[in-house]
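next one to model:
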Amino acid sequence: LGEIIFQSGVLIAGLSAAGMAGSLQRALARGFLSLIAPVTFISIMLAATRSLEARQLEAYGDMINYREYVRTTPRLFIGVSQSLGLYLRAKTAVHRWLRSELEEEEKATTDEENMAGRNGAVGSAV
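Now for the predicted structure:
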């Protein structure tokens, strides 16, 4: 996706530069030439994606998890619902991690207080 965005930027830059040509004929020629590389590159990337998907389907198509992955994962652009799902899963994971860290810290503090209480009791008994 990043490479396609980069190539789209190259395309936009080329077309804007082509528009600055002196005559209409030159502008059209330069515009056409600036289209060739980015459009070709993006087409190659999309064709390679389709080819890879076909090979993976052949290799992993009988696996239920793979079919579920293909069904729920977009080819190129992530949808809003997938973005929200990823965000919520990440947020939940961070909350779980923070909660476990706090619990460990509380346990360590309680253990230290218990040890201090025992040492104080032992010291006063002597």
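
what residues sit buried inside the one helix or strand Leu46 maps to?
Using DSSP states H and E, Leu46 maps to helix 24-60. Of all the residues in helix 24-60, those buried under the rule 16 or more other CB atoms under 10 Å are Ala27, Arg30, Gly31, Ser34, Pro38, Phe41. Placement of C-beta: from N, CA and C, glycine included.

looking at those residues, which is nearest Met20?
Ala27 (7.8 Å; CB to CB).

I'd say that closest one and Leu15 touch.
No - using CB atoms under 8 Å, Ala27 makes no contact with Leu15, being 9.6 Å away.

what's the burial count for the closest residue in space to Leu35 that isn't next to it in sequence?
Of all residues not flanking Leu35 in the chain, Leu11 sits nearest, at 6.8 Å (CB to CB, 6 or more residues apart in numbering). Residues within reach of Leu11, counting by other CB atoms under 10 Å, total 18.

one more: the one 5 residues further on?
Residue crowding around Ser16 was assessed by other CB under 10 Å; the count is 11.

for it, give its distance to Met63.
Between Ser16 and Met63 the computed distance is 47 Å (CB to CB, to the nearest Å).
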